[in-house]
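Asks: Pasting a predicted model and its sequence here:
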Amino acid sequence: AQKITQTQPGMFVQEKEAVTLDCTYDTSDPSYGLFWYKQPSSGEMIFLIYQGSYDQQNATEGRYSLNFQKARKSANLVISASQLGDSAMYFCAMREGGYSSASKIIFGSGTRLSIRP
Amino acid sequence: EPEVTQTPSHQVTQMGQEVILRCVPISNHLYFYWYRQILGQKVEFLVSFYNNEISEKSEIFDDQFSVERPDGSNFTLKIRSTKLEDSAMYFCASSELDGSSGNTIYFGEGSWLTVV
């Protein structure tokens, strides 16, 4: 069974600082994908970034990067130069199966990030 | 930018009543999902749907739940006899199988269901 663990229920960070949100996962499938979603207070789920298990490089999307350490089974999200609008709940998620898979994704319990001005 | 749309955004219903939550997935997507999130808790998978049939369902998705794609655009979740514990945010999502970004699942803005 797949499992996603986010050990930080909440974090406070000063505006403009970088922040790392932790995520570890457990799967026996060699082919999998890792996702990060942002959920602001309004409730919607916003896709941020994706990392495939066979991708050679860490994924980046603007201020978001994914620190993928396959041997340690970790997929931490790094947000550079944090902004007040980054305050939200952040979920790590995983899907087993590779590029041919459209199976469900499973979510971690989330980290609530609060940015201080 | 294409998006998943859901209606209603919020619904209050009496316990025991039937509820239908509606979704319009992104137009070229072929895989559809329903997830739910009880207030303050994690996002839970309910069901996935492809080619007019259920691909996978969770233990939560019992006989009181059903899904349907009544036409070429809508995807619905029906809860036959609502219970207090069904109160949650229900997310519809869709995905295409083109290999890009791991076939990312894109979510709608959710439908808040309150059972009283």
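Replies: The structure has been received and is ready for your questions.
Asks: Could you find the closest non-adjacent residue to the residue nearest the centre of chain B?
Replies: The centroid of chain B falls nearest to residue B:34 when counting by C-alpha atoms, centre = their mean (2.9 Å). Closest residue in space to residue B:34, ignoring its immediate chain neighbours: residue B:46 at 4.3 Å, by C-beta to C-beta, 6 or more residues apart in numbering or on different chains. C-beta: built from backbone N, CA, C; applies to glycine.
Asks: Quick one, grab the pLDDT at the one you found.
Replies: For residue B:46, the pLDDT comes out at 97.
Asks: you'd agree it is up against residue B:36?
Replies: Yes: counting by C-beta atoms under 8 Å, residue B:46 does reach residue B:36; the two are 5.8 Å apart.
Asks: Just the CA atoms of the helix or strand where residue B:66 lies, as CSV, please.
Replies: According to DSSP states H and E, residue B:66 maps onto strand B:65-68. C-alpha atoms of strand B:65-68 as CSV (Å, rounded to 0.1, in the frame of the first residue of the first chain):
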residue,chain,number,x,y,z
PHE,B,65,-22.8,6.7,-3.6
SER,B,66,-23.1,6.5,-7.3
VAL,B,67,-21.5,8.3,-10.3
GLU,B,68,-22.7,9.0,-13.7
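Asks: Mean confidence (pLDDT) on that strand, please.
Replies: So the average pLDDT for strand B:65-68 ends up being 96.
Asks: Parallel or antiparallel, list what pairs with that strand.
Replies: Counting by DSSP bridges, the strands paired with strand B:65-68 are strand B:75-79 (antiparallel).
Asks: now the partner strand, how far from the centre of its chain.
Replies: Centroid displacement of strand B:75-79 relative to its chain, using C-alpha atoms, centre = their mean, to the nearest Å, is 7 Å.
Asks: Flag every buried residue along that strand.
Replies: Using 16 or more other C-beta atoms under 10 Å in any protein chain shown as the test for burial, strand B:75-79 gives B:75, B:77, B:79.
Asks: JSON lines please, covering these and showing pLDDT and distance to residue A:91.
Replies: Listed next are the buried residues of strand B:75-79 as JSON lines, based on pLDDT from 0 to 100; distance: C-beta to C-beta, whole Å:
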{"residue": "B:75", "pLDDT": "95", "distance to residue A:91": "22"}
{"residue": "B:77", "pLDDT": "98", "distance to residue A:91": "21"}
{"residue": "B:79", "pLDDT": "97", "distance to residue A:91": "24"}
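Asks: returning to what we had before: per-residue pLDDT of the residue nearest to the centre of chain B, please?
Replies: 97.
Asks: same question, the one 5 residues further on
Replies: Note on residue B:39: pLDDT of 90.
Asks: now swap in residue B:112 and tell me
Replies: With respect to pLDDT, residue B:112 scores 97.
Asks: Looks to me like the residue nearest to the centre of chain B is in a strand.
Replies: Yes: assessed by DSSP: H, G, I helix; E, B strand; the rest coil, residue B:34 belongs to a strand.
Asks: Correct me if wrong: it contacts residue B:94.
Replies: No: Residue B:34 lies out of contact with residue B:94 (C-beta under 8 Å); the separation is 10.6 Å.
Asks: From residue A:82, how far out is residue B:67?
Replies: Relative to residue A:82, residue B:67 is positioned 39 Å away (criterion: C-beta to C-beta, to the nearest Å).
Asks: Quick check: bridge partners of residue B:66?
Replies: Counting by DSSP bridges, residue B:66 is bridged to residue B:78.
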